[in-house]
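> my questions are about this predicted structure, shown below with the sequence.
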There are 2 protein chains.
Amino acid sequence: MTSQAACSPWLKPEERKRERNEKREAVLSAAVKSFNEQGFRATSLDDVAASLNVTKPTIYYYFKTKDDILFECVRRGLEGIRDAAEAVEATNGAGMDRLRALLNDYAVTMTKDFGMCVIRTSDHELTPESRTKFRGLKREIDETIRRVIEDGMADGSIARGDARIATFTVTGALNWIAKWFDPSGPLSSEDVAAAAVETLMAGLAPRHAGTETD
Amino acid sequence: MTSQAACSPWLKPEERKRERNEKREAVLSAAVKSFNEQGFRATSLDDVAASLNVTKPTIYYYFKTKDDILFECVRRGLEGIRDAAEAVEATNGAGMDRLRALLNDYAVTMTKDFGMCVIRTSDHELTPESRTKFRGLKREIDETIRRVIEDGMADGSIARGDARIATFTVTGALNWIAKWFDPSGPLSSEDVAAAAVETLMAGLAPRHAGTETD
DNA sequence: ACAGTTTCTTACTCATGAGTATCATATCTA
DNA sequence: TAGATATGATACTCATGAGTAAGAAACTGT
């Protein structure tokens, strides 16, 4: 190996592979931003391509269909949440504490591109096959959260009630972050997540000194 | 007027007017159901027309554009909530109690066709002009709710915190009902609304006997 | 009976955008 | 130097669906 090899204009095989992957990521990144801003159906791949200084067939060199691009976006968003949820579920501690940690991760994800895409994507925008997987992943997450809430109700750290509706209420509140959060605004992801989670955990009714713990 | 007039096949002018209005309503009703199920862009007016046993130009006899139909749907949903919100704001009582009443109306609306449509419709599906009105109505409602929350924080009936984020968290949780509620399911609108509102008002943390009031 | 109005249909136009066929170029391997 | 492979562009096809033009049929008032 000469020292020339390091700055040669010809790339090694693994570098070529990495470049291809970077380009694929760039397509995904441009696409998810456009999906989030204009909506999936209003986004044309011609526009996505133009924003990357290429033409549409180039995108088809990296992805098979438009649906594949969308599904890859929501898959990333959902798998991120799912992994975080399952990691939290595996820990021990009061249901309340595990739930707080889980909801915090969940809320932060909702402020990121792929998380936002999950919420802004409706079932009917995906093909039947993708839709099935999409729903499956969402259900997994909902069930994990519900189990944590049920654990908390059982150990007394969470107020008793309908765990199903509580799950939907809580996740709904956090999902909504994906609809209004502005990354370029004054609030950070973490601030928003912390405030929203606190509202949900404590509720709107005022607490009274000395009643927080048994 | 003979008694024949009552069962004559020829209608009086006001009856003709009423019939026209009924047909317009039927178009709106068929459209909003399809928008909610398939999404606005995936709904073709050909299909809506076919479901009413007419053809597309008939729809254009009752509405100017597809956007007009959608906007009429979201307008109805939003004006229903806005009127309820302003009526509640005008009452007196603790912020907490007014908020509970307001959120209940809000939640119930989210289980109805036009309310669901408001939530399932994204900004970018409307023309710029409709979008401006759409946002204006939504902002009015958000501001009313925020004022009620701020009143409650001032009078001590609601826990202090960031009223803006509290508003988004609460409305987000209720908006989400429009995404999962199934009118043909086992839960009634009122049951769902009551349970969701209770979760939000009381929070997830358990209460302790005798600490509810001062 | 006749002119006008209401209601609805048939048969279009036209823009958009997903996806493809084909070719060009450059790099890699032998 | 001769294929083989990777990457991209040009120039299409094709389905879909919003919106329209023109007219038919029924009813209204004169």
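Okay, I see it.
> residue A:188: neighbour count?
Neighbour count for residue A:188, taken as other CB atoms under 10 Å in any protein chain shown: 12. Where you see a C-beta, it was placed from the backbone N, CA and C, and this is true even at glycine.
> just the one 10 residues further on next, same as before
For residue A:198, the tally of surrounding residues (other CB under 10 Å) stands at 20.
> same question for residue A:158.
With other CB under 10 Å as criterion, residue A:158 counts 24.
> what helix or strand is it located in?
Per DSSP states H and E, residue A:158 falls between elements, in no helix or strand.
> report the mean per-residue pLDDT for stretch A:84-95.
Here stretch A:84-95 scores 93 as its mean pLDDT.
> what of stretch A:120-136?
Rounded mean pLDDT across stretch A:120-136 is 97.
> distance between the ends of that stretch?
17 Å (CA to CA, to the nearest Å).
> that one vs chain B: in contact?
Yes - Stretch A:120-136 lies within reach of chain B by CB under 8 Å from any CB of the partner chain, at A:120, A:122, A:124, A:125.
> how near is the residue in chain A that chain B sits nearest to to DNA strand C?
Nearest to chain B in chain A, going by CB to the nearest CB, is residue A:203, at a distance of 2.0 Å. Distance, residue A:203 to DNA strand C, using CB to the nearest atom of the strand, to the nearest Å: 44 Å.
> cool, and residue A:85?
From residue A:85 over to DNA strand C (counting by CB to the nearest atom of the strand), the distance is 32 Å.
> show me the residue at the heart of chain A, geometrically.
residue A:115 (2.5 Å; CA atoms, centre = their mean).
> can you tell me how far the residue nearest to residue A:127 when sequence neighbours are not counted is from residue B:174?
Excluding the flanking residues, the one nearest residue A:127 by CB to CB, 6 or more residues apart in numbering or on different chains is residue A:67, at 4.9 Å. Distance of residue A:67 to residue B:174, computed by CB to CB, to the nearest Å: 31 Å.
> was I right about the residue nearest to residue A:127 contacting residue A:130?
Yes - using CB atoms under 8 Å, residue A:67 is in contact with residue A:130, at 5.8 Å.
> show me where pLDDT drops low in chain A?
A:1-16, A:204-214 (pLDDT under 70).
> hey, where'd the helices end up in it?
Counting by DSSP state H, chain A has helices at residues A:13-38, A:45-51, A:56-62, A:66-90, A:95-109, A:113-120, A:128-155, A:163-175, A:177-180, A:189-202.
> and the fourth one, what does it pack onto?
When contacts are defined as 3 or more CB pairs under 8 Å, 6 or more residues apart in numbering or on different chains; DSSP states H and E, helix A:66-90 packs onto helix A:13-38, helix A:95-109, helix A:113-120, helix A:128-155.
> show me which residues of the longest one are buried.
The reference is to helix A:128-155. A:130-131, A:134, A:137-138, A:140-142, A:144-153 (16 or more other CB atoms under 10 Å in any protein chain shown).
> relative to helix A:95-109, how tilted is that helix?
150 degrees (axes from the mean of the first three to the mean of the last three CA atoms, to 10 degrees).
> what's helix A:128-155 packed up against?
helix A:66-90, helix A:95-109, helix A:163-175.
> most packed of these?
Greatest average neighbour count among the helices and strands packed on helix A:128-155 goes to helix A:163-175 (a mean of 23), per mean count of other CB atoms under 10 Å in any protein chain shown.
> so what touches that one?
The contact list for helix A:163-175 (CB atoms under 8 Å, 6 or more residues apart in numbering or on different chains) reads A:103, A:106-107, A:110, A:119, A:142, A:145-146, A:149-150, A:153, A:196-197, A:199-200, B:169-170, B:172-177, B:179-180, B:192, B:195-196, B:199-200, B:204.
> among the residues you listed, which are in reach of DNA strand D?
Among these, no residue lies close to DNA strand D (CB under 7 Å from any atom of the strand).
> quick one: the residue nearest to residue A:176 when sequence neighbours are not counted from DNA strand D, how far?
Leaving aside its sequence neighbours, residue A:176 sits nearest to residue B:172 (CB to CB, 6+ apart; 2.4 Å). Distance of residue B:172 to DNA strand D, computed by CB to the nearest atom of the strand: 29 Å.
> and residue A:23, by the same measure?
If you go by CB to the nearest atom of the strand, the gap between residue A:23 and DNA strand D works out to 5 Å.
> what's the answer for residue A:119, then?
24 Å.
> that residue: what's it in contact with?
Going by CB under 8 Å, 6+ apart, the list of residues near residue A:119 reads A:110, A:175, A:176, A:178, A:179.
> can you lay out these as JSON lines showing distance to residue B:98?
Shown next, in JSON lines, are the contacts of residue A:119 (distance: CB to CB, whole Å):
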{"residue": "A:110", "distance to residue B:98": "29"}
{"residue": "A:175", "distance to residue B:98": "26"}
{"residue": "A:176", "distance to residue B:98": "22"}
{"residue": "A:178", "distance to residue B:98": "29"}
{"residue": "A:179", "distance to residue B:98": "25"}
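> going through these, which ones are buried?
Buried among those by 16+ other CB under 10 Å: A:110, A:175, A:176, A:178, A:179.
> burial measure for the closest residue in space to residue A:36 that isn't next to it in sequence, as a count.
Nearest-residue entry for residue A:36: residue A:116, 5.1 Å, with adjacent residues in sequence omitted and distances by CB to CB, 6+ apart. By other CB under 10 Å, 25 other residues sit near residue A:116.
> ditto for residue A:202
Around residue A:202 there are 17 residues (other CB under 10 Å).
> quick one: it from residue B:70, how far?
For residue A:202, the distance to residue B:70 equals 38 Å [CB to CB].
> can you check residue A:80 too?
Distance from residue A:80 to residue B:70, by CB to CB: 33 Å.
> go on, residue A:142?
Remark: distance between residue A:142 and residue B:70 (CB to CB) = 30 Å.
> same thing with residue A:191?
Counting by CB to CB, the gap from residue A:191 to residue B:70 is 35 Å.
> and the residues of stretch A:120-136 next to chain B, which two are furthest apart?
Largest separation among the residues of stretch A:120-136 next to chain B by CB to CB: A:120 and A:124, giving 13.1 Å.
> which of those two has more residues huddled nearby?
It is residue A:120, of residue A:120 and residue A:124, that has more neighbours when counted by other CB under 10 Å, with 20 against 14.
> and that one, what does it touch?
Counted by CB under 8 Å, 6+ apart, residue A:120 has contacts A:35, A:36, A:39, A:40, A:178, A:179, B:122.
> the same query, at a cut-off of 6 Å, please.
Residues in contact with residue A:120 (CB atoms under 6 Å, 6 or more residues apart in numbering or on different chains) are residue A:36.
> now swap in the one 10 residues further on and tell me
Listed by CB under 6 Å, 6+ apart, the contact set of residue A:130 reads A:67, A:71.
> thanks a lot, catch you later.
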